[in-house]
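# need a structure here:
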Amino acid sequence: MTRDTKMLAALLGASGVLHFAVPDPYAAIVPKPLPYKRELVYASGVVELGCAAMLTQPRTRRLGGLLSFGLLLAVFPANIQMAIDGFRSSKSSTLYKIALLARLPMQIPPLRWAARAARS
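Have a look, this model is predicted:
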C-alpha cells in the first residue's frame, strides 16, 4: 500500500468516526437545499469508513479508490457551502475567511490519492 493510500485511508477513517462522534458541524455544512442533514452526515460517515476499509485491502483497493473519488466529489459542495456561510457571517474574521478559501484547493490531493488507488 502506498503512502498516499495510507494517508487517504487514515483521513477517511478519522473523518468517518467524527461524523458519528460530532455530527453537528458536518450537518451545518450540508448544502441548504438538501433535506435530512443528520441522516446524510451518518450516511457519508458509513461510506467514508467503508472506503477506508476497502483501501487497506489489496483485493478491494481499486474499488475503494473509485468509491473514495466519487465520495470526495459528492461532498465537495459541503466545502463550498462552508465557505459561503463563513463569508456571509459577520462573526468570521478575515483570517478565517482566507482559511476557508485555502481549504477548497486542499481537496485536490485526496482526489489524486483516490485516483491513484483506483489505478492500483
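
# do a quick rundown of the helices in this structure.
Taking DSSP state H, the helices of the chain run over residues 3-21, 23-28, 37-56, 61-88, 94-103, 108-119.

# got those as a markdown table, with mean pLDDT columns?
Formatted as a markdown table, the helices of the chain follow (pLDDT from 0 to 100):
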| stretch | mean pLDDT |
| --- | --- |
| helix 3-21 | 97 |
| helix 23-28 | 94 |
| helix 37-56 | 97 |
| helix 61-88 | 94 |
| helix 94-103 | 93 |
| helix 108-119 | 96 |
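
# single out the most deeply packed of those.
Burial of the helices of the chain is given as mean neighbour count (mean count of other CB atoms under 10 Å); helix 37-56 ranks first at a mean of 19. Just so you know, the C-beta spots here come from the backbone N, C-alpha and C atoms, and that holds for glycine as well.

# what's the angle between it and helix 61-88?
140 degrees (axes from the mean of the first three to the mean of the last three CA atoms, to 10 degrees).

# helix 37-56 - contacts with which helices or strands?
helix 3-21, helix 23-28, helix 61-88 (3 or more CB pairs under 8 Å, 6 or more residues apart in numbering; DSSP states H and E).

# and it, C-alpha only, in CSV?
This file holds the C-alpha atoms of helix 37-56, laid out as CSV (Å, rounded to 0.1, in the frame of the first residue of the first chain):
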residue,chain,number,x,y,z
LYS,A,37,-29.0,16.7,7.0
ARG,A,38,-28.1,14.5,10.0
GLU,A,39,-29.0,11.4,8.1
LEU,A,40,-26.8,12.5,5.2
VAL,A,41,-23.9,13.0,7.7
TYR,A,42,-24.4,9.5,9.1
ALA,A,43,-24.6,8.0,5.6
SER,A,44,-21.4,9.7,4.4
GLY,A,45,-19.7,8.6,7.6
VAL,A,46,-20.6,5.0,6.8
VAL,A,47,-19.3,5.4,3.3
GLU,A,48,-16.1,7.0,4.5
LEU,A,49,-15.5,4.1,6.9
GLY,A,50,-16.3,1.6,4.2
CYS,A,51,-13.9,3.3,1.7
ALA,A,52,-11.2,3.5,4.3
ALA,A,53,-11.5,-0.3,5.0
MET,A,54,-11.6,-1.1,1.3
LEU,A,55,-8.4,0.9,0.6
THR,A,56,-6.5,-1.2,3.2
